[in-house]
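**Student:** model this:
(chains A and B)
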Amino acid sequence: MTENRRIAEILRNGKPEESVKIQGWVRTKRELKGFAFMEVNDGSYLANLQVVLEPKLPNYEQLLKHLNVGASVEVTGVLAESQGKGQQIEMKASLVKIYGEANPETYPLQKKRHSFEFLRTIGHLRSRTNTLGAVFRVRNACSSAIHQFFRERGFLWIHTPIITTSDCEGAGELFTVTSLDPTASNQQDYSQDFFGSPAYLTVSGQLEAEAMAMAFRDVYTFGPTFRAENSNTSRHLAEFWMVEPEMAFCDLGGDMDLAEAFLKYVFSFVLETCPEDMEFFNKRMDQSVLATADNIINNEFERISYTDAIALLEKTNRKFQYPVEWGLDLQSEHERYLSQDYFQKPVIVTDYPTGIKAFYMRLNDDAKTVAAMDVLAPKIGEIIGGAQREERLDVLERRMHEAGMPADDLWWYLDLRRYGTVPHAGFGLGFERLVQFMTGMDNIRDVIPFPRTPLNAEF
RNA sequence: UCCUCAGUAGCUCAGCGGUAGAGCGGUCGGCUGUUAACCGAUUAGUCGCAGGUUCGAAUCCUGCCUGAGGAGCCA
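**Tutor:** Numbering: from 1, shown residues only, chains lettered A, B, ... in the order given. Predicted coordinates for the structure are as follows:
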């Protein structure tokens, strides 16, 4: 039996004279008078394996007719040093089996560049392109890197619920979960509903992660998150994946250290695992991709307090559309100025005014600011948002009251402060934003296989 | 949700008052090593939808739908 091998492995280690068998999809075919070339891709590698088809193949004429772009094939043959330029090794086919044809008159992927907008309309096929293929290999590497990073540090991966009954984690709009018939008359009677109360898709696993951190010290979540906001931008999704570490016995400084070490680790891991894909992005998508990665890995992140950031923004000559004033939130243009123009690297902004941050963030001694931190990345803005959590029961109760939060629903969250409370901190990282940042892809819809955005949940 | 721009052949676009055009793709033919192959021929369209103005609308006007960029919200 001839060994069935991945194309990535053949392109890296294949030697002339070896008998091999591959399986994959035809990316392109070039017919000449005496013979033909076809390139096959199996998703394992950016480059294709060039296969030489000679007339002595059984059914040569018929085969050429049916070996169209998109067809699925199994090729048996022998590796050989390539006579042409462009690749070291190629395969001389002795047997070609076609699993499924792809009619060239209707198959939407052509041997040419397609716009990402068009590719989004064929979400089921677009992963067969060079760029999306590279994106999803990098996405996968990021995912592995994240688990490996936390495992090395003794964090437990915890699975927080996707369905939640608390709607008070943030002001964000939630998707309702119900088993009631929307046309029935009892539609609003939640006592008749599956959970006996209103239920939603989670907007964050943080509160549950805090509970688990109070048992295991260091934990993280990595799972889907849902926001029903009508956001139409290149960096928002209605369904996205979020990474949320939570550490007991940890303050804001430790939180920032973790965030920085985390990003450095993931970038290093991906550069090592997917060098060809990263070079591809650097060449074709954004020529600062490799420089950015290098910058992340080798330079310390800038750390600046909100108060100092405001002072810096007030001093600059740059004209901003929105006002800069202590107490107001930083606008996109301000964040972009800080990370992209002024520091030209990720910036961690800390200690925001109480009024613009969530109730659970720890009140600083000045009583005007909270121990929050945002990591701002060039181009995409906020990639991480985190904080030291308020561990003092009385302060937390007061802040919830001021924020108009119903304490009844979060009785268990307050219990964590009643019984064995400890200083703790954590952050949330938008996984797709990380992949976007890493690959230089302009639109977040192109770094998740099947994006969900307003008016779009196809595939 | 707001602002701006755009929807013309399978794809990318040109045409901007006189009833449709290019490149790529597809098809057919040629080419003994190609690699976004090349050369020749050929194929291809309710000009987003619905109204209106006009002798005449892809072109002007109104509404709607869809997409993109930016903003807000955030990760």
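
**Student:** Quick check: residues of the stretch 301-450 of chain A near RNA strand B?
**Tutor:** Near RNA strand B, the residues belonging to the stretch 301-450 of chain A are A:322, A:329, A:331-333, A:335-336, A:381-385, A:428-430, A:432-433, A:442-445 when assessed by CB under 7 Å from any atom of the strand. Just so you know, the C-beta spots here come from the backbone N, C-alpha and C atoms, and that holds for glycine as well.

**Student:** Just the buried ones among these, please.
**Tutor:** A:333, A:335-336, A:381-385, A:428-430, A:432-433, A:442, A:444-445 (16 or more other CB atoms under 10 Å).

**Student:** follow-up on the earlier one: mind checking which of the residues of the stretch 301-450 of chain A next to RNA strand B are in helices?
**Tutor:** A:Ser332, A:Glu333, A:Glu335, A:Arg336, A:Glu432, A:Arg433 (DSSP state H).

**Student:** Just name the closest of those to A:Ala8, please.
**Tutor:** Nearest to A:Ala8 among those, counting by CB to CB, is A:Glu432 at 24.5 Å.

**Student:** quick one: pLDDT of the closest one?
**Tutor:** Looking at A:Glu432, its pLDDT is 96.

**Student:** and the stretch 1-150 of chain A, which of its residues are near RNA strand B?
**Tutor:** Within reach of RNA strand B by CB under 7 Å from any atom of the strand, the stretch 1-150 of chain A has these residues: A:28, A:30-35, A:37, A:50, A:52, A:68-69, A:82-87, A:90, A:104-105, A:108, A:110-115, A:117-118, A:120.

**Student:** Against A:Glu239, how distant is A:Val177?
**Tutor:** From A:Val177 over to A:Glu239 the distance is 14 Å, taken as CB to CB, to the nearest Å.

**Student:** Could you list the domains of chain A?
**Tutor:** A:7-107, A:126-162+A:202-446 (automatic domain parsing).

**Student:** looking at those, which is buried most?
**Tutor:** Mean neighbour count (mean count of other CB atoms under 10 Å) peaks for domain A:126-162+A:202-446 among the domains of chain A, with a mean of 18.

**Student:** what distance separates that one from the centre of its chain?
**Tutor:** Taking CA atoms, centre = their mean, to the nearest Å, one finds domain A:126-162+A:202-446 lying 12 Å from the centre of the chain it belongs to.

**Student:** just checking, A:Ile98 touches A:Ser72?
**Tutor:** Yes: A:Ile98 lies in contact with A:Ser72 (CB atoms under 8 Å); the separation is 7.2 Å.

**Student:** Overlap of the contact sets of those two?
**Tutor:** In terms of CB atoms under 8 Å, 6 or more residues apart in numbering, A:Ile98 and A:Ser72 are not both contacted by any residue.

**Student:** Looking at the residues of the stretch 1-150 of chain A next to RNA strand B, which are in helices?
**Tutor:** Judged by DSSP H, the subset of those located in helices is A:Glu117, A:Phe118, A:Arg120.

**Student:** Around the first one, how many other residues sit close by?
**Tutor:** Translated: A:Glu117. 10 (other CB atoms under 10 Å).

**Student:** cool, the one 3 residues further on as well?
**Tutor:** For A:Arg120, the tally of surrounding residues (other CB under 10 Å) stands at 18.

**Student:** wait, what's in contact with it?
**Tutor:** A:Arg120 touches A:Arg126, A:Arg445, A:Asp446, A:Pro451, counting by CB under 8 Å, 6+ apart.

**Student:** Of the residues you listed, just say which sits nearest to RNA strand B.
**Tutor:** Nearest to RNA strand B among the contacts of A:Arg120, counting by CB to the nearest atom of the strand, is A:Arg445 at 5.8 Å.

**Student:** ok, that closest one - contacts?
**Tutor:** Taking CB under 8 Å, 6+ apart, we find A:Arg445 in contact with A:Phe116, A:Arg120, A:Ser234, A:Leu237, A:Pro451, A:Thr453.

**Student:** Report the separation between the two terminal residues of stretch A:205-224.
**Tutor:** Terminal residues of stretch A:205-224 are spaced 9 Å apart (CA to CA, to the nearest Å).

**Student:** does RNA strand B sit close to that stretch?
**Tutor:** No: on the criterion CB under 7 Å from any atom of the strand, stretch A:205-224 is out of touch with RNA strand B, staying 8.4 Å away.

**Student:** hmm, back to that, want to throw the ones in helices among the residues of the stretch 1-150 of chain A next to RNA strand B into JSON lines with pLDDT?
**Tutor:** JSON lines is the format used below for these (pLDDT from 0 to 100):
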{"residue": "A:Glu117", "pLDDT": "95"}
{"residue": "A:Phe118", "pLDDT": "95"}
{"residue": "A:Arg120", "pLDDT": "95"}
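
**Student:** Specify which member of these is nearest to RNA strand B.
**Tutor:** Taking those together and measuring to RNA strand B by CB to the nearest atom of the strand, the closest member is A:Phe118, at 3.6 Å.
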